[in-house]
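Q: From the sequence below, what's the structure:
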Amino acid sequence: MAEARCPASCGELIQGWILGGEKLISCPINWFSTVSVTDGVADRHERPRMRQMLAAVLAYFGQPTDSARGLHIRFDSTIPVEKGLASSTADIAATALATARHLGETLNESALAALCVSLEPTDSTLFQHLTLFDHQTAATQIAYDWQPAVDILLLESPQRLNTEEYHRRNRQPALLAGSASLERAWQLFTQAAEHHDYSLLGQATTLSAQASQHLLVKPDFMALLQLVEDLDLYGLNVAHSGSVVGLLLDRQRHDVEKIYWQLQQRNITRHYPHQHLLTMVPGGVR
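A: Got it, this is the predicted structure:
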């Protein structure tokens, strides 16, 4: 049996029009999709993209694609789907590496990225380092040598969003309109990574989240901004193609119970009834 797992993402740290096209930097968190590949028959419970990825990896290594019929995929995921948490990227990236391991092969990150984007727009959680990534072509891969020690209070909305349908929308006019804000957010993020500055990180993610409001509205967004300011949190980030919001904080510095209480007092929990205290982790398929 060969196994691999890939983390979820609490939306994106930044996403928008950068370097002449839409790019993103994902926000890996400690939820995972774990996939194993063994000899055996296909399981009716597997997710369709997993089987497609398995066939793609076989082809990449020059194996006959009909040999996929003799391979069994099993998965276990703690990642909610259709919320902007990179569940599909985690599924297919883990499937790719598990399949490669089953064949006795390896996949580097660039090859893995190319395989993933050949199936669907892909989050940069498959990279070990935080990476500015062209999630549709994999042509841009700019890594940052900084792993922020950040906690995230993930606010989960009941709303679901079909990511494939979202990417089919004509979003370019709104993306172009927000390009100046995203250029600034990227500059702030780059400075944050260079100086390990959490305040700049929060400024970058919040600016990107504000620009995203013109594309996909998050309920009570202004109230959340006020909460961040009142409680002196680092900032907030959003799923740019999903419904979750993340509050960036340090559980040793910030009073988490007070944040929970304030969310209730300000009636923000009516839109985000489930909250999860998580940690930003290194990306990459393990």
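Q: How are the helices of the stretch 151-286 of the chain distributed by residue range?
A: Using DSSP state H, counting those that start in this stretch, the helices of the stretch 151-286 of the chain run over 163-168, 172-177, 179-195, 198-212, 221-230, 256-265.
Q: tilt between the last one and helix 221-230?
A: Angle of helix 256-265 versus helix 221-230, following axes from the mean of the first three to the mean of the last three Cα atoms, to 10 degrees, is 150 degrees.
Q: Could you list every helix and strand in contact with helix 256-265?
A: For helix 256-265, the packing partners by 3 or more Cβ pairs under 8 Å, 6 or more residues apart in numbering; DSSP states H and E come out as strand 151-156, helix 221-230, strand 245-249, strand 274-279. For glycine as for every other residue, the C-beta is placed from the backbone atoms N, C-alpha and C.
Q: Just say which of the ones you listed is most tucked in.
A: Per residue and on average, the most neighbours among the helices and strands packed on helix 256-265 fall to strand 245-249, with a mean of 26 (mean count of other Cβ atoms under 10 Å).
Q: Ala180: which of the helices and strands packed on helix 256-265 is closest?
A: When the helices and strands packed on helix 256-265 are compared by Cβ to Cβ, helix 221-230 sits nearest Ala180, at 19.4 Å.
Q: From the chain's centroid, how far away is that closest one?
A: 23 Å (Cα atoms, centre = their mean, to the nearest Å).
Q: what's that helix in contact with?
A: The contact list for helix 221-230, computed with Cβ atoms under 8 Å, 6 or more residues apart in numbering, reads 155, 202, 206, 209-210, 213, 218, 233-236, 245, 247, 259, 262-263, 266, 268.
Q: If any of those residues are buried, put those into a PyMOL selection.
A: Buried residues among those (16 or more other Cβ atoms under 10 Å), as a PyMOL selection:
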select buried, resi 155+202+206+209+210+218+233+234+235+236+245+247+259+262+263+268
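Q: Please identify which helix or strand holds Ile14.
A: Here Ile14 sits within strand 2-18, counting by DSSP states H and E.
Q: Could you identify which of the helices of the stretch 151-286 of the chain is most buried?
A: Mean neighbour counts for the helices of the stretch 151-286 of the chain (mean count of other Cβ under 10 Å) peak at helix 198-212, with a mean of 23.
Q: packing partners for it?
A: Counting by 3+ Cβ pairs under 8 Å, 6+ apart, helix 198-212 packs on strand 2-18, helix 179-195, helix 221-230, strand 235-238, strand 245-249.
Q: what would the ones you listed look like in JSON lines with distance to Arg51 and mean pLDDT?
A: Listed next are the helices and strands packed on helix 198-212 as JSON lines, based on distance: least, Cβ to Cβ, whole Å; pLDDT from 0 to 100:
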{"stretch": "strand 2-18", "distance to Arg51": "16", "mean pLDDT": "98"}
{"stretch": "helix 179-195", "distance to Arg51": "36", "mean pLDDT": "98"}
{"stretch": "helix 221-230", "distance to Arg51": "38", "mean pLDDT": "98"}
{"stretch": "strand 235-238", "distance to Arg51": "31", "mean pLDDT": "98"}
{"stretch": "strand 245-249", "distance to Arg51": "32", "mean pLDDT": "99"}
